[in-house]
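> Dropping the sequence and predicted coords here.
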Amino acid sequence: MIKNSEKRSSISLFRTSDHACSYKEDHRAATIFLDPTIPIHKSMNSRLSFLGFRRSGSHLYKPDCSYCNACISCRIPTNAFKFKNSYRRILNKNKDLNIVTKDNLTNDSFYLLYERYINDRHADGDMYPVTREQFEAFIKTKTTDTHFTLFYLKGTLIAVSVTDILENGISAVYTYFDPNEGKRSLGIHSILYQVQLAITLNFPYVYLGYWIKDCQNMKYKLNFRPIEMLINDEWVLIK
């Protein structure tokens, strides 16, 4: 059990009103979020990630639902991570990709890939229908410590990962990819790439955001065990 010993300083937080939950039918949800006028710098992002917050565009937020605590923050401890055979196969399958890191997304191909991905994989979710305004707010809005990892196959963009560099790890903010390249397991590959990056940078954690037990789209996160989950304000190692 990992004690939450980090000092908590005073910051301005706001709470949304109750609204329909995106993950559990017939449930109401609410979030607390950092004052949007406060810049999201590395120190702030690191401290709040440690406390279970998540970045979405210009917001650092955390679920604060009145009758539900299903959303559990999770992170991969890189010193305990094992590249098992299935992961090595995925890495080998994608050895032909050209990987480029950029500070910004500057042309239309990034939006068009995002549009295809959401239309194919999340047409039943609250990100559908896709708009350019949503893409600008959710994907392109960044901190000073955000970078975009671009994956190309023979010159064609097939995946984009949004990553925040923290003081003690990295945060895998979001990844989207070509839905026609399912055999490549690009979502898993992007996490493996970020784990490799964290190891190279000598960072102990890769933050994966929230895990919800009954959410099919989040089940893959448990495959990265041993994994740490934030339970009752303490990071607990799940083997």
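Thanks, I have it. Numbers count the residues shown, from 1 in each chain.
> going forward, measure contacts between C-alpha atoms and count neighbours the same way
OK.
> So which elements touch the lowest-mean-pLDDT helix or strand in the chain?
Lowest on mean pLDDT, DSSP states H and E among the helices and strands of the chain sits strand 19-20, with a mean of 91. In terms of contacts (3 or more C-alpha pairs under 8 Å, 6 or more residues apart in numbering; DSSP states H and E), strand 19-20 is packed against strand 28-29.
> For the residue most central in space within the chain, list the residues it contacts.
Nearest to the mean C-alpha position of the chain, by C-alpha atoms, centre = their mean, lies V173 at 3.0 Å. Each residue near V173 by C-alpha atoms under 8 Å, 6 or more residues apart in numbering is listed here: R54, R55, S56, S161, V162, T163, D164, L208, G209.
> The residues you listed: which two are farthest apart?
Using C-alpha to C-alpha, the pair of the contacts of V173 lying farthest apart is R54 and S161, separated by 15.6 Å.
> Where do the helices of the protein begin and end?
42-50, 85-93, 108-121, 132-135, 186-200 (DSSP state H).
> And the strands in this structure?
Using DSSP state E, the strands of the chain run over 13-15, 19-20, 28-29, 31-34, 54-56, 59-63, 72-77, 98-102, 146-153, 156-165, 169-177, 205-211, 227-231, 234-238.
> any chance of those in CSV, plus distance to T131?
Converted to CSV, the strands of the chain look like this (distance: least, C-alpha to C-alpha, whole Å):
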stretch, distance to T131
strand 13-15, 26
strand 19-20, 21
strand 28-29, 24
strand 31-34, 23
strand 54-56, 16
strand 59-63, 19
strand 72-77, 28
strand 98-102, 23
strand 146-153, 20
strand 156-165, 17
strand 169-177, 15
strand 205-211, 24
strand 227-231, 33
strand 234-238, 37
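> Break the chain into its domains for me.
Domain assignment for the chain, taken from automatic domain parsing, gives 13-71, 74-238.
> hmm, back to that, distance between the least confident helix or strand of the chain and the chain's centre?
Counting by C-alpha atoms, centre = their mean, to the nearest Å, strand 19-20 is centred 22 Å from the centre of its parent chain.
> Not counting that strand itself, show me its contacts.
By C-alpha under 8 Å, 6+ apart, the residues outside strand 19-20 that reach it are D26, H27, R28, A29, A30.
> quick one: which of those has the most company?
Neighbour counts for those, by other C-alpha atoms under 10 Å, peak at A29, which reaches 21 neighbours.
> didn't that one look like it was pressed against P63?
Yes - using C-alpha atoms under 8 Å, A29 is in contact with P63, at 7.4 Å.
> Need the overlap of contacts for the two.
By C-alpha under 8 Å, 6+ apart, no residue touches both A29 and P63.
> what residue ranges in this structure score low on pLDDT?
Residues of the chain meeting the criterion pLDDT under 70: 1-10.
> give me that answer again for 80
For the chain, the stretches with pLDDT under 80 are 1-11.
> Centroid-wise, who is the farthest residue in it?
K154 (26.6 Å).
> Identify the residues contacting that residue.
Per C-alpha under 8 Å, 6+ apart, neighbours of K154: L97, N98.
> And it, how far from D96?
In this view, K154 and D96 are 8 Å apart by C-alpha to C-alpha, to the nearest Å.
> how about stretch 18-27: buried residues?
Across stretch 18-27, burial judged by 16 or more other C-alpha atoms under 10 Å covers Y23.
> now do stretch 63-71
Residues of stretch 63-71 classed as buried by neighbour count (16+ other C-alpha under 10 Å): P63, D64, C65, A70, C71.
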